[in-house]
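Engineer: here is my input; please provide its structure:
(one chain, ligands or ions: 1)
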Amino acid sequence: MSAKICWKDEYGLGVECIDEQHRQLVHFIRLMQDAYAKQDIHFLQKAVQDFSSLTEKHFKTEEQYMTRYAYPELEEHVEVHMECKLKAADFLSDGLFDGDMDVFRRLLAYASTWFITHISTADARFCAFMKQQMESEPLT
Ligand SMILES: [Fe+2]
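Structural biologist: Okay, the predicted model is just below:
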């Protein structure tokens with residue numbers, strides 16, 4: 001099992017609504033890791049669905065901000081989100097609902113690495129850009 005994830009202040013990017021969603025996602029992955037450790041398959045099967053809608057909503061929020069602020073790396077960033085969604089769909093078709101615990105293990109390893117890496121690279125660039133833009137054109 002990969003290391004358990006937990007929110008660290010250094011993951012904060014200084015855009016409150018994005019940070020809040022990232023905190024929720026990290027917390028959610030942790031809940032699933034704890035459930036995995038207890039082999040609680042019923043919780044995991046339900047949680048995975050909630051987690052994927054939360055992720056979907058979160059990507060949409062980011063993409064709306066990127067559009068609104070004409071973020072120059074919008075296309076690449078959307079593509080990275082898409083890769084993650086496709087990977088998630090792979091896990092789902094891989095028998096997540098057949099009770100195969102190994103699929104959950106791989107999914108949790110993927111999700112925890114993906115989010116931490118994504119937050120500290122692509123999202124960090126985007127939030128730095130957005131903070132600059134918000135200073136000159138605050139949201140109304
Ligand atoms: Fe992102």
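Engineer: report the contact partners of the closest residue to residue 51 other than its chain neighbours.
Structural biologist: Leaving aside its sequence neighbours, residue 51 sits nearest to residue 28 (C-beta to C-beta, 6 or more residues apart in numbering; 5.2 Å). For glycine as for every other residue, the C-beta is placed from the backbone atoms N, C-alpha and C. Residues counted as contacts of residue 28 (C-beta atoms under 8 Å, 6 or more residues apart in numbering) are 47, 50, 51, 54.
Engineer: out of these, which is nearest to residue 84?
Structural biologist: residue 51 (12.0 Å; C-beta to C-beta).
Engineer: mean confidence score for the helix or strand harbouring that closest one?
Structural biologist: Taking DSSP states H and E as the criterion, residue 51 maps to helix 41-68. Averaging pLDDT along helix 41-68 yields 94.
Engineer: what's the spacing between that helix and its chain's center?
Structural biologist: Offset of helix 41-68 from its chain centre (C-alpha atoms, centre = their mean, to the nearest Å): 7 Å.
Engineer: got it, and stretch 96-105?
Structural biologist: On C-alpha atoms, centre = their mean, the centre of stretch 96-105 falls 20 Å from that of its chain.
Engineer: how far does it stretch from one end to the other?
Structural biologist: 10 Å (C-alpha to C-alpha, to the nearest Å).
Engineer: would you indicate which residues of it are buried?
Structural biologist: 96, 103, 104 (16 or more other C-beta atoms under 10 Å).
Engineer: burial count for residue 43?
Structural biologist: 15 (other C-beta atoms under 10 Å).
Engineer: report the contact partners of residue 5.
Structural biologist: By C-beta under 8 Å, 6+ apart, the neighbours of residue 5 are 26, 29, 30, 33, 112, 115, 116.
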